[in-house]
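A.B. asks: can you look at this prediction? I've put the sequence above it.
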Amino acid sequence: MKLNEYFENAKGIGVLATSDAAGKVNAAVYSRPHFTDVGDEKTVAFIMADRLSHANIQTNPHAAFLFVEEGQGYAGKRLHLTKVREETSEELVAAICRRCNYNMYGKEALRYVVFFRVDEVLPLIGPGPG
């Protein structure tokens, strides 16, 4: 199954882990990644507010996304990511957002669409193939 199909159909909870230039780690609950380019399995996007996770990737572009599927057992994915670019277009945010809560951080809060290269995909548990 393709990665975009997996995240379109899977239900669960995701956590994005980032760290600053000094290595101080932050973890935050995030929605499933967005796939903006049809057929592109190597680029994902997250909508980020001007908060700690976003500040961290300004000095350290590496992040990890852990997704735990609903249900019994330990199913899910781990994505190792590297930031490639970001945009501040509210039109782009609205176009790709599945269930945006526009009032979560206040009506005037600046949001970014941050694009990451998917460096590695691993299962939730275990080292993965190879």
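C.D. replies: It's in.
A.B. asks: against which helices or strands is the lowest-mean-pLDDT helix or strand in the chain packed?
C.D. replies: Sorting the helices and strands of the chain by mean pLDDT, DSSP states H and E puts helix 90-96 at the bottom, at a mean of 82. Contact partners of helix 90-96 among helices and strands, from 3 or more CB pairs under 8 Å, 6 or more residues apart in numbering; DSSP states H and E: strand 43-49, strand 111-123. All C-beta atoms are positioned from the backbone trio N, CA, C, and that covers glycine.
A.B. asks: I'd like the next helix or strand past the shortest one.
C.D. replies: The C-terminal neighbour of strand 43-49 among helices and strands, as given by DSSP states H and E, is helix 52-59.
A.B. asks: and the angle for that following helix with strand 43-49?
C.D. replies: 120 degrees (axes from the mean of the first three to the mean of the last three CA atoms, to 10 degrees).
A.B. asks: find the nearest non-adjacent residue to Y6, please.
C.D. replies: K77 (7.0 Å; CB to CB, 6 or more residues apart in numbering).
A.B. asks: go ahead and confirm that neighbour touches V121.
C.D. replies: Yes - using CB atoms under 8 Å, K77 is in contact with V121, at 6.1 Å.
A.B. asks: between those two, what contacts are shared?
C.D. replies: Residues touching both K77 and V121 (CB atoms under 8 Å, 6 or more residues apart in numbering) are L3.
A.B. asks: who's more crowded, these two?
C.D. replies: Neighbour totals were compared for K77 and V121, and K77 leads with 22 against 16 (other CB atoms under 10 Å).
A.B. asks: stretch 83-93: end-to-end distance?
C.D. replies: End-to-end distance for stretch 83-93, by CA to CA, to the nearest Å: 17 Å.
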